[in-house]
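Peer 1: just coords:
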Ligand code: ADP
């Protein structure tokens, strides 16, 4: 690029100014790669239930046309598949909305005491189905953090729901809040099989599951912890994971 030296006040070399620009494209390449992996994963996750729906529709229109019993069964399965796809699309939308506002820190003052009570109550039916008891321990006084109420509800719903689903049947899930003066810590502890150490650093990645079949059978999309991580980053909060195989897992959110 040739420019007049006076324009930029730079060093001159024989009356010309040379500008050299360097750009490290490895980061750009990495992001491109992650983006295309993500699209491939999302498409695959949607393709599986779609293929199954197509199969059922063909059967219902053909061999099972007059078979009422088969129809009832197939419609039940189709309903499950559609629900699964809706959950996946909802999670994908959540992630993309969060990405758009990742640089804006939320500013409301949110009291975590009633918020955790609300989350516990909303998960009570699931916990009862799984024969899990959710125990909640909170201080008497309010614990305020700066944040977005709905997003924080999503974080704790995800963590406590996972603790119930992947924890051990018949065991407790302990939720504990401590803190004051803008500092707060929430721990969610389960007594399940734990997560082998090699998987722990990766479980907040999109679509990463320790066991894909187990996740699917527990109505998982593989996006829950990725959403949690995005929300917490926006809240300048940290997620710490401590797990011992055979003993259980502790997820800590530190504000
Ligand atoms: P999913 O929708 O599959 O539950 P998440 O992103 O919420 O996806 O979790 C990712 C994976 O991390 C899960 O599939 C599961 O293998 C593992 N995981 C999450 N929470 C726990 C837990 N409390 N105990 C054991 N494994 C867990």
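Peer 2: Thanks, I have the structure now. All values reported here derive from a predicted model rather than from experimental measurement. Residues are numbered from 1 along each chain as shown.

Peer 1: which residues of the stretch 151-255 of the chain fall in strands?
Peer 2: Per DSSP state E, counting those that start in this stretch, the stretch 151-255 of the chain carries strands over the ranges 172-180, 183-190, 238-244, 248-254.

Peer 1: what about the chain, any weak spots by pLDDT?
Peer 2: Scanning the chain for pLDDT under 70 picks out the ranges 1-15.

Peer 1: quick revisit: the strands of the stretch 151-255 of the chain into TSV, with extra columns for mean neighbour count and distance to the ligand?
Peer 2: Using the backbone N, CA and C atoms, a C-beta is placed for each residue, glycine as well. Shown next, in TSV, are the strands of the stretch 151-255 of the chain (neighbours: other C-beta atoms under 10 Å; distance: least, C-beta to the nearest ligand atom, whole Å):
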stretch	mean neighbour count	distance to the ligand
strand 172-180	18	9
strand 183-190	20	5
strand 238-244	14	7
strand 248-254	20	4
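
Peer 1: so which of these gets nearest residue 198?
Peer 2: The closest approach between residue 198 and any of the strands of the stretch 151-255 of the chain, judged by C-beta to C-beta, belongs to strand 238-244 at 11.1 Å.

Peer 1: paired strands for the closest one, with orientation please.
Peer 2: strand 248-254 (antiparallel) (DSSP bridges).

Peer 1: list the contacts of the closest residue to residue 242 other than its chain neighbours.
Peer 2: Closest residue to residue 242 apart from its sequence neighbours, by C-beta to C-beta, 6 or more residues apart in numbering: residue 250 at 4.6 Å. Listed by C-beta atoms under 8 Å, 6 or more residues apart in numbering, the contact set of residue 250 reads 187-189, 241-243.

Peer 1: for residue 36, which of the strands of the stretch 151-255 of the chain is the nearest?
Peer 2: strand 238-244 (26.1 Å).
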